[in-house]
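K.L.:
Quick check, what structure comes out for this input:
(one chain, ligands or ions: 1)
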Amino acid sequence: MEKRNELYRGKAKSVYTTDDADRLVLLFRNDTSAFDGKKVEQLDRKGMVNNKFNAFIMQKLEEAGVPTQFDALLSDNECLVKKLDMIPVECVVRNFAAGSLVRRLGLEEGIELKPSTFELFLKNDALGDPFINESHVEAFGWAKPEQLVEMKALSLKVNQVLSALFDAAGLLLVDFKLEFGVFHGQIVLGDEFSPDGCRLWDKETRKKMDKDRFRQGLGDVIESYEEVARRIGVPL
Ligand code: C5P
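P.N.:
As a prediction, the model looks like this:
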């Protein structure tokens with residue numbers, strides 16, 4: 001497999017074509033951004049930590065029957081993935097109230113949500129990723145109804161698998177965001193799963209161990225990612 005041209009440069013990852021039309025290379029950079037790119041910093045080791053974290057989680061999800069785009073780790077900062085036709089919708093599952101839910105509904109952070117909630121956001125930087133619902137997805141053709149059903153079922157399955165995995169490591173999976181795409185007609189989990197796209201709190205102390213440390217200027221961002229990785233057994 002040969003890495004070719006940069007296809008797309010996102011806020012934290014770059015995507016490259018390869019000599020296989022069905023495969024891409026993801027390069028995890030040290031760039032860390034929040035608030036729609038208004039806060040950006042370079043954090044040492046972040047690309048490596050997130051790449052290895054993502055590889056570990058995607059393999060756990062595959063083992064549990066969730067189809068993912070992940071194929072193989074290529075280097076400290078790169079992995080090989082399937083080339084998906086991405087669906088421009090972000091799926092967010094929440095187990096505890098935090099972030100935009102707290103702001104939107106005026107809740108106290110940390111309230112347990114039973115059952116877990118499932119939310120949709122349009123992936124659109126210029127519009128600030130607005131909150132949408134299932135009828136918008138259907139009306140604007142962002143996904144077919146049966147694809148949306150599958151995305152929701154897979155999101156809840158991911159929640160089941162990963163809540164248990166983090167719980168065993170003394171962590172609460174507070175919420176997370178997933179993106180899906182289509183590969184040979186099948187809905188497949190795309191993008192990444194890392195502490196950049198989820199909230200993780202220590203079960204005992206509720207210390208924040210995820211990107212909120214960066215958003216809120218709490219310090220020790222990568223040290224916390226590494227601590228989570230160490231607790232769940234990611235080889236760094
Ligand atoms: O900001 P909000 O509370 O809606 O985020 C919910 C979850 O989705 C958080 O874990 C956050 O890190 C993640 N998220 C993300 N990318 C976005 C929006 C949210 O990874 N564009």
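K.L.:
gap between residue 211 and the ligand?
P.N.:
For residue 211, the distance to the ligand equals 5 Å [Cβ to the nearest ligand atom, to the nearest Å]. Every C-beta, even on glycine, is put in place using the N, C-alpha and C of the backbone.
K.L.:
how deep is whichever residue of the chain sits closest to the ligand tucked in, by neighbour count?
P.N.:
The ligand sits closest to residue 99 of the chain, with a gap of 2.2 Å, by Cβ to the nearest ligand atom. By other Cβ atoms under 10 Å, 15 other residues sit near residue 99.
K.L.:
Pop the domain breakdown of the chain in here.
P.N.:
3-82, 85-220 (automatic domain parsing).
K.L.:
Report how many residues lie close to the spatially closest residue to residue 46 that is not a sequence neighbour.
P.N.:
Distances taken as Cβ to Cβ, 6 or more residues apart in numbering place residue 30 nearest to residue 46, at 4.7 Å, with adjacent residues excluded. Around residue 30 there are 17 other residues, counting by other Cβ under 10 Å.
K.L.:
which residues sit in contact with residue 30?
P.N.:
42, 43, 44, 45, 46, 47 (Cβ atoms under 8 Å, 6 or more residues apart in numbering).
K.L.:
Would you state the strands of the chain in chain order?
P.N.:
Ranges of strands within the chain are 3-9, 13-18, 23-28, 31-34, 39-42, 70-73, 78-82, 85-96, 112-122, 131-132, 171-183, 186-189, 198-202, based on DSSP state E.
K.L.:
would you list the ones you listed in TSV and tack on mean neighbour count, mean pLDDT and distance to the ligand?
P.N.:
Listed next are the strands of the chain as TSV, based on neighbours: other Cβ atoms under 10 Å; pLDDT from 0 to 100; distance: least, Cβ to the nearest ligand atom, whole Å:
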stretch	mean neighbour count	mean pLDDT	distance to the ligand
strand 3-9	12	97	16
strand 13-18	18	98	12
strand 23-28	22	98	14
strand 31-34	18	97	9
strand 39-42	12	97	13
strand 70-73	17	98	17
strand 78-82	21	98	18
strand 85-96	19	98	5
strand 112-122	15	98	7
strand 131-132	16	98	8
strand 171-183	22	99	3
strand 186-189	20	98	14
strand 198-202	22	99	4
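K.L.:
now the ones you listed as a markdown table including distance to residue 154?
P.N.:
Below are those laid out as a markdown table (distance: least, Cβ to Cβ, whole Å):
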| stretch | distance to residue 154 |
| --- | --- |
| strand 3-9 | 23 |
| strand 13-18 | 21 |
| strand 23-28 | 20 |
| strand 31-34 | 26 |
| strand 39-42 | 31 |
| strand 70-73 | 14 |
| strand 78-82 | 15 |
| strand 85-96 | 8 |
| strand 112-122 | 11 |
| strand 131-132 | 18 |
| strand 171-183 | 7 |
| strand 186-189 | 6 |
| strand 198-202 | 15 |
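K.L.:
picking that back up, the residue of the chain closest to the ligand against residue 175, yeah?
P.N.:
Yes: using Cβ atoms under 8 Å, residue 99 and residue 175 qualify as a contacting pair, with a distance of 6.7 Å.
K.L.:
one step back: which members of the contacts of residue 30 define the maximum pairwise distance?
P.N.:
The most widely separated members of the contacts of residue 30, counting by Cβ to Cβ, are 42 and 45 (10.5 Å).
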